[in-house]
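Q: Attaching a predicted model along with its sequence, questions to come.
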Amino acid sequence: MCDDPANLDTLLWFVCYLTTGKHLAFYGAFGTVLLLLAVTAPVALLLGFGGAIAARSRLAPVAWLGKGYIAVVRGVPDIAFFLFFVIALDQGLEWLRHQWLCPDWTEPVRQGQNFLVCPEAKLPLATAPQWIHEVYGFALAVVTFAIVFGAFAANVLYGAMAAVPRAQIETAEAYGMTHAQAFRRVLVPQMWVYALPGLSNLWMILIKASPLLFLLGVRDIVYWARELGATQTPRFTDYPHGDWRMWYFLFLLVFYLALTRLSEIVLGRVMRRLTRGQAMAGGEVQRRAEAAA
């Protein structure tokens, strides 16, 4: 049916146009964005938790490391960090492999603006399948996003830990708990109530930052929307059209609005669950509502 697009009527033309290989890649890119969010969020939260614990450490070098991570990464613009860190990480890994696999290499690795390593040290190898190149690029994106948003999460969790009344920790220790037990059983369960508003905002920012994937070489939905929406001429495609980028980006607008709205609903329910019975504003509102009912 789609062999001769010139002879199709309007409806069939759009059916064939929207099911081309590039459009299927465009639809698959939505899964890439959702997968990035699903993987990055817990990794960033784990990094943030570790950074917050390090910042609260009684050992000065560990505390300096945690506070330095929070201050440095939060102080660098996201775009600058993405452009610098990915290149530095990629070249660093290739340099280590180069030193290990090619010890007899005599030429300098840095030659002007070029970074040249032996073919065996390239990541991924030139002979590797395309899916390996895509997985490698996606992994670099996850690491970069996790480090950036992990610093913000660490700052939020650090403040949430400080918001838990110190008297509760002292009471737990007075009853015989060790410092680690009081931290695990008293402080951590309560800090999430204070941390969730900040983490919710951070999740929204992460959603909005996902279009930066194209800076990391990943063909995301923004890349495909720009490519497919641009003017197509009969010389390059069987489905020529004018500049349709407005419609493609309008579709992305609806997608992101729907995703943020769904996130607000889920996070609101989580907050109500966490504040139930708590002696704070959210818990007090629920208590009054239940009493009035």
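A: Happy to help now that I have it. Residues are numbered from 1 along each chain as shown.

Q: For V186, which non-adjacent residue is closest in space?
A: Leaving out its chain neighbours, the residue that sits closest to V186 by Cβ to Cβ, 6 or more residues apart in numbering is A172, at 4.7 Å. For glycine as for every other residue, the C-beta is placed from the backbone atoms N, C-alpha and C.

Q: Let me see the confidence value for that neighbour.
A: With respect to pLDDT, A172 scores 88.

Q: ok, H179 - contacts?
A: E173 (Cβ atoms under 8 Å, 6 or more residues apart in numbering).

Q: How confident was the prediction at it?
A: At H179, pLDDT is 85.

Q: cool, and E290?
A: For E290, pLDDT reads 56.

Q: separation between the residue nearest to V186 and A139?
A: Taking Cβ to Cβ, to the nearest Å as the measure, A172 falls 41 Å from A139.

Q: Is there a neighbour count for the residue nearest to V186? I'd like the number.
A: 18 (other Cβ atoms under 10 Å).

Q: Against H179, how distant is it?
A: 9 Å.

Q: show me where the stretch 1-150 of the chain has helices.
A: Ranges of helices in the stretch 1-150 of the chain, per DSSP state H, counting those that start in this stretch, are 10-17, 21-55, 60-75, 78-101, 130-163.

Q: Low-confidence stretches in the stretch 51-200 of the chain?
A: Within the stretch 51-200 of the chain, no stretch falls below the threshold (pLDDT under 70).

Q: switch the cut-off to 90
A: Low-confidence segments of the stretch 51-200 of the chain (pLDDT under 90): 57-58, 74-141, 144, 163-190, 192-193.

Q: hmm, back to that, can you tell me which of the helices of the stretch 1-150 of the chain is most buried?
A: Stretch with highest mean neighbour count among the helices of the stretch 1-150 of the chain: helix 130-163 (a mean of 19; mean count of other Cβ atoms under 10 Å).

Q: Which neighbouring elements make contact with that helix?
A: Helix 130-163 sits against helix 21-55, helix 60-75, helix 78-101, helix 188-209, with contacts defined as 3 or more Cβ pairs under 8 Å, 6 or more residues apart in numbering; DSSP states H and E.

Q: Which one, of the helices of the stretch 1-150 of the chain, ends up nearest to E264?
A: When the helices of the stretch 1-150 of the chain are compared by Cβ to Cβ, helix 21-55 sits nearest E264, at 14.8 Å.

Q: what's the offset of that closest one from the middle of its chain?
A: Put simply, helix 21-55 sits 4 Å off its chain's centre (Cα atoms, centre = their mean, to the nearest Å).
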